[in-house]
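Need a 3D model of the sequence below.
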Amino acid sequence: MEVIFRNVSFSYNVGSSNEKKALDNVNIFLEGNLIHGIIGPIGSGKTTMLELMNGITKPTLGEIVVGNYELTKNFNFNDFRYDVGLVYQFPEKQFFCRTVGEEIAFSSKVFDSKNKNIKNKVKKALMMVGLDDTYIKRSPFSLNSGEKRRVAIASVLISNPKLLIMDEPTIGLDNNSKKKLMRLIKNLKTRYMKTIIIVTHDVDMLYEIVDDVVVLNHGKVIKEGNKMEVFRDVKLLDENKAPVPNVIRVCNIIKDKTGVDFEYVENLNSLVRAIANHFSNSGNEVD
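Residues are numbered from 1 along each chain as shown. Prediction:
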């Protein structure tokens, strides 16, 4: 499911003395069946962009198209809710049901008045996040942080959305839970053909799993494109106070000191292995 912004601007308190422009003439094209990251400093417009593409609010100017839905015109919001899912920060804090099964089923019961095949939908949603049906009768409050996050994602996936928007999905997770969630996100793309948009400051996570990146600052798109093209432009990211993956910074230091350019390594662990392999084969040592 594609997401297109055409000349989109958004202002808060329009017409008042406190009017504030959050997005300024934004043009982006987010291709379907890819994982996209949106980064930028606090106040850059990331959250506003997320709310606009989720249909929560409408732009002051411009057009937004999400799949077959033109969000700046009248559209069937109930159908849209099935096709687009939003996972908020700390979604597990919104749990209130007694069991995992009830928690996952809740949104389907709200949006689907017929409530058809709820049990099968719950099982499928659990399967999509890597949990089995033994979780159905467990209390969501008894789970560890990573399991809670997966259940929260399952409660969005129960409607089988084509587009999944995630706001800081790894926040509050330990390293092990974060790694599992990253594998889950990649699996949702490759196995279930989801388009995924992630708004986050965790660029080390993004660097490992995304395909493309949008950089925002002061409500404008500073750069958009393939993750390698974007993340290797460290000067631009620093100038716009956007986070840079640690592995990119370390690779740049190595290149400056040795002249060796490790074009792409997935993370710091992969970089260590690449360094060991390179210098053992070349017979050289790192100064």
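
For the rest of this, base every contact and every neighbour count on C-alpha atoms.
Fine.

quick one, helices of the stretch 51-200 of the chain?
77-83, 100-111, 118-128, 145-157, 175-190 (DSSP state H, counting those that start in this stretch).

Could you single out the most deeply buried of those helices?
helix 145-157 (a mean of 24; mean count of other Cα atoms under 10 Å).

Just the C-alpha atoms of stretch 251-268, please, in PDB.
What follows is stretch 251-268, C-alpha atoms only, in PDB (Å, rounded to 0.1, in the frame of the first residue of the first chain):
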ATOM      1  CA  CYS A 251      32.900   2.900   9.700                       C
ATOM      2  CA  ASN A 252      33.800   6.500   8.900                       C
ATOM      3  CA  ILE A 253      36.400   6.500  11.700                       C
ATOM      4  CA  ILE A 254      38.000   3.300  10.300                       C
ATOM      5  CA  LYS A 255      37.900   4.800   6.700                       C
ATOM      6  CA  ASP A 256      39.600   8.000   7.900                       C
ATOM      7  CA  LYS A 257      42.300   6.100   9.800                       C
ATOM      8  CA  THR A 258      43.000   3.100   7.400                       C
ATOM      9  CA  GLY A 259      41.400   4.000   4.100                       C
ATOM     10  CA  VAL A 260      39.300   0.800   4.300                       C
ATOM     11  CA  ASP A 261      35.600   1.400   3.300                       C
ATOM     12  CA  PHE A 262      33.200  -1.200   4.700                       C
ATOM     13  CA  GLU A 263      30.300  -0.200   2.400                       C
ATOM     14  CA  TYR A 264      27.600  -2.100   4.200                       C
ATOM     15  CA  VAL A 265      27.600  -4.000   7.500                       C
ATOM     16  CA  GLU A 266      24.300  -4.600   9.300                       C
ATOM     17  CA  ASN A 267      25.400  -3.700  12.800                       C
ATOM     18  CA  LEU A 268      28.400  -3.300  15.100                       C
END
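
All further residue positions should be reported with the first residue as 27.
Okay, residue one is now 27; in that scheme the one you just asked about reads as stretch 277-294.

Quick check: buried residues in it?
Within stretch 277-294, the residues that count as buried by 16 or more other Cα atoms under 10 Å are Cys277, Asn278, Ile280, Val291, Asn293, Leu294.

how close does Ala302 get to Asn293?
14 Å (Cα to Cα, to the nearest Å).

swap in Glu128?
Taken as Cα to Cα, the span from Glu128 to Asn293 is 38 Å.

what residues are up against the closest residue to Cys123 other than its chain neighbours?
Nearest residue to Cys123 in three dimensions, chain neighbours excluded: Glu129, at 5.3 Å (Cα to Cα, 6 or more residues apart in numbering). Contacts for Glu129 (Cα atoms under 8 Å, 6 or more residues apart in numbering) come out as Phe121, Phe122, Cys123, Pro166, Ser181.

If burial is judged by neighbour count, which of the residues you listed pass?
By 16+ other Cα under 10 Å, the contacts of Glu129 give Phe121, Pro166, Ser181 as buried.

now these in TSV, with distance to Ile197 and pLDDT?
Formatted as TSV, the buried ones among the contacts of Glu129 follow (distance: Cα to Cα, whole Å; pLDDT from 0 to 100):
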residue	distance to Ile197	pLDDT
Phe121	17	90
Pro166	18	93
Ser181	18	92
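
Tell me the one of these nearest Pro271?
Here the nearest of those to Pro271, counting by Cα to Cα, is Ser181; it sits at 30.6 Å.

So the closest one sits against Ala151, correct?
Yes - the criterion here is Cα atoms under 8 Å, and Ser181 meets it with Ala151 at 7.3 Å.

Residues that sit against both of the two, list them.
Common neighbours of Ser181 and Ala151 (Cα under 8 Å, 6+ apart) are Ile130.

Against Pro269, how distant is the residue most central in space within the chain?
Centroid check for the chain by Cα atoms, centre = their mean gives Ile224 as the closest residue, at 1.4 Å. Distance, Ile224 to Pro269, using Cα to Cα: 14 Å.

do the same with Ser70
For Ser70, the distance to Pro269 - Cα to Cα - is 12 Å.

Neighbour count for the two, which is higher?
Ser70 (22 against 19; other Cα atoms under 10 Å).

Make TSV out of the contacts of Glu129 and add distance to Ile90.
Formatted as TSV, the contacts of Glu129 follow (distance: Cα to Cα, whole Å):
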residue	distance to Ile90
Phe121	31
Phe122	34
Cys123	35
Pro166	36
Ser181	26
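
No further questions, thank you.
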